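got a structure for you, letters missing:
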């Protein structure tokens, strides 16, 4: 069969599928605000079709019929459709776009409702200003109207040599009927995995091609809850690739000029001129890191919109910025030029990433693996400066070196994944409402701002509020021990009472920004990392101030963790203790009630504040 005939058959098949869908519109009558009381809209039908032709061209065909059930649906959610693409290698064609009003009247989308704009992610970026976003403004929308959209996005053979997909099946609204089809040339194998679902694939052969079809019904809307796990664990997901394995992707991907790490002589001279004013490899690394993060812009453009083709490090430098992977390569090149061994790596979930289904869409992040004279395997980001190595956030993650000479992959397994922060203080309150004394901070893992303190030891005073001075007793990547001198005072008087709250560590649970939690939850709750945060203070009280708080002791200990809060007065000495330990970062739904009880007690302002009255 000729290539032309294969393309004609694929197109006709897709049109017939849409026509068949139109004949099944009786199901739409049963979709209303009564049958879907919690939904603003429902996809009556959605079809996604991927076609790889023998010449390497790729075509993506998309169709949906979306019924709007509320005013919110068309005023805030579905009034416009956005389609991002790369006109240098892709062509978009709108096959059909119209609205069926509640009375059955068909209103075609007018010509002036189709407008191309620069995607927001590419704003201010010369390297990505070729990208476009088709904005389709839907008209004649009302409650119980239907939006029908059918478009095709074609990519030429030079865009990307493999057909890859990472389809999370659920959408923002329920889907009544979803069909996904992948068509490849005859004789080509499609590697695929369907996660979190048991639907069978239907494989059919036609002259010159093989079609893989998955059919799903009554898919619920995505959850609106925050603090959730990776979406690939929450929803049915179809992953596919025509690459025979990851090695084939690895070889293609890393044989780009971007991975040659070559700077021009003038850039090399500029890097070395900066090195000459710094002292020691630690300082070199930190300053080059600062230089790349701060002086080169980050453009949040996904590699899938460039066909996973990257600018060279020379061009990234000249463009004063790049996307995440490009900035990672830029930082790696600059560090190696300064004599600091650095390797760019990709991060993936080991249960998701499969060697037999090579798919770079599954890369979650890009980092630099580098080291110090006394601390090896430091992982840092090229787009933001963190106070600690990313190592402690990578427990259980798969690391994939982006090195043409290194095809190894390894999983990070930390011996102790619980991050810890302990504060022990001895303080004194004077008659003038002033508080002074010392606090020893013992910080471990993610809660240890190692890189921040290594770069600037004076920042130790930021560990807690109202620190007068700080002395670092020990500083390693795994642990820091800091002596803090506190100078503080009670809050201003209110109705004859004085108030005081001990400062909490801003990189501990406070940095998670956990809000007031509802009573029920539908999905597992994910926190940043397992942790233990502990405060133990003694406060010497003056004779002329009376403590209003009564002695209090409250402990909640359950399968999720433990919270201990104690306030005890012994003569003129106040003992104050607050401790929270949560040894797992994933709280399953059946344990959410226990987790909520811990957080509710910890966040209760009643147990954070001391109240005094002058005698």
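Nice, thanks for sending it over. All of these numbers come straight from a predicted model, not from anything done at the bench. Numbering: from 1, shown residues only.

use CA for all of it now, contacts and neighbours both
Will do.

just for the stretch 401-550 of the chain, where's the confidence low?
Of all residues in the stretch 401-550 of the chain, none has pLDDT under 70.

quick one, strands of it?
Counting by DSSP state E, counting those that start in this stretch, the stretch 401-550 of the chain has these strands, from start to end: 410-411, 419-429, 434-444, 467-475, 479-489, 497-501, 525-526, 531-540, 545-547.

could you export those as JSON lines, including mean neighbour count?
Conversion of the strands of the stretch 401-550 of the chain to JSON lines gives the following (neighbours: other CA atoms under 10 Å):
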{"stretch": "strand 410-411", "mean neighbour count": "14"}
{"stretch": "strand 419-429", "mean neighbour count": "20"}
{"stretch": "strand 434-444", "mean neighbour count": "20"}
{"stretch": "strand 467-475", "mean neighbour count": "16"}
{"stretch": "strand 479-489", "mean neighbour count": "20"}
{"stretch": "strand 497-501", "mean neighbour count": "17"}
{"stretch": "strand 525-526", "mean neighbour count": "18"}
{"stretch": "strand 531-540", "mean neighbour count": "20"}
{"stretch": "strand 545-547", "mean neighbour count": "18"}
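
ok, which of the ones you listed comes nearest residue 519?
strand 525-526 (12.9 Å; CA to CA).

any idea where the helices of the stretch 101-250 of the chain begin and end?
231-234, 246-254 (DSSP state H, counting those that start in this stretch).

determine which of the ones you listed approaches residue 313 most closely.
Going by CA to CA, the one of the helices of the stretch 101-250 of the chain nearest residue 313 is helix 246-254, 13.6 Å.

related to what we said a few turns ago, tell me which of the helices of the stretch 101-250 of the chain sits nearest to residue 129.
helix 246-254 (22.7 Å).

from the chain's centroid, how far away is the closest one?
25 Å (CA atoms, centre = their mean, to the nearest Å).

so for that helix, mean pLDDT?
For helix 246-254, the mean pLDDT works out to 89.

what do you get for stretch 128-140?
For stretch 128-140, the per-residue pLDDT averages 97.

who touches that stretch?
Contacting residues not belonging to stretch 128-140 are listed as 79-88, 98-99, 101, 107, 109, 113-119, 122-123, 147, 301, 305 [CA atoms under 8 Å, 6 or more residues apart in numbering].

show me the residues you listed that map onto strands.
80-85, 98-99, 107, 114-117, 147 (DSSP state E).

let's see if you can find the most crowded of those.
residue 147 (27 neighbours; other CA atoms under 10 Å).

correct me, but it touches residue 67?
Yes - under the contact definition of CA atoms under 8 Å, residue 147 touches residue 67, with a separation of 6.5 Å.

coming back round to it: would you list the ones in strands among the contacts of stretch 128-140 in a markdown table and tack on pLDDT?
Formatted as a markdown table, the ones in strands among the contacts of stretch 128-140 follow (pLDDT from 0 to 100):
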| residue | pLDDT |
| --- | --- |
| 80 | 97 |
| 81 | 97 |
| 82 | 97 |
| 83 | 97 |
| 84 | 97 |
| 85 | 97 |
| 98 | 98 |
| 99 | 97 |
| 107 | 97 |
| 114 | 98 |
| 115 | 97 |
| 116 | 97 |
| 117 | 97 |
| 147 | 97 |
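
pLDDT wise, what is residue 227 at?
The model's pLDDT for residue 227 equals 95.

and it, how many neighbours does it have?
By other CA under 10 Å, neighbour count at residue 227 equals 14.

for residue 590, see how far away it is.
16 Å (CA to CA, to the nearest Å).

what does residue 352 give?
Counting by CA to CA - residue 352 and residue 590 are separated by 25 Å.

so which of these two has more stuff around it?
residue 352 (16 against 13).

quick one: that one is in a strand?
No - assigned with DSSP: H, G, I helix; E, B strand; the rest coil, residue 352 falls outside any strand and is coil.

residues touching it, list them.
Residue 352 touches 232, 362, counting by CA under 8 Å, 6+ apart.

for it, give me the pLDDT.
pLDDT, residue 352: 87.

any idea how far it lies from residue 471?
Taking CA to CA, one finds residue 352 at 45 Å from residue 471.

what of residue 169?
Counting by CA to CA, the gap from residue 169 to residue 471 is 54 Å.

I'd like to know how far residue 219 sits from residue 389.
For residue 219, the distance to residue 389 - CA to CA - is 40 Å.

out of these two, which sits in the busier spot?
Ranked by neighbour count (other CA under 10 Å), residue 219 and residue 389 place residue 389 first, with 24 against 18.

so what's that one up against?
378-380, 446, 450-451, 477 are the contacts of residue 389 under CA under 8 Å, 6+ apart.

same check, this time on residue 101
107, 140-142, 144-146.

now the strands: where do they sit in the stretch 1-150 of the chain?
Under DSSP E, counting those that start in this stretch, the stretch 1-150 of the chain gives strands at 41-52, 58-68, 80-85, 90-100, 106-108, 114-117, 132-137, 146-155.

just put those strands in TSV and tack on distance to residue 564.
Supplementary listing: those in TSV, determined by distance: least, CA to CA, whole Å:
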stretch	distance to residue 564
strand 41-52	46
strand 58-68	50
strand 80-85	50
strand 90-100	59
strand 106-108	64
strand 114-117	55
strand 132-137	53
strand 146-155	55
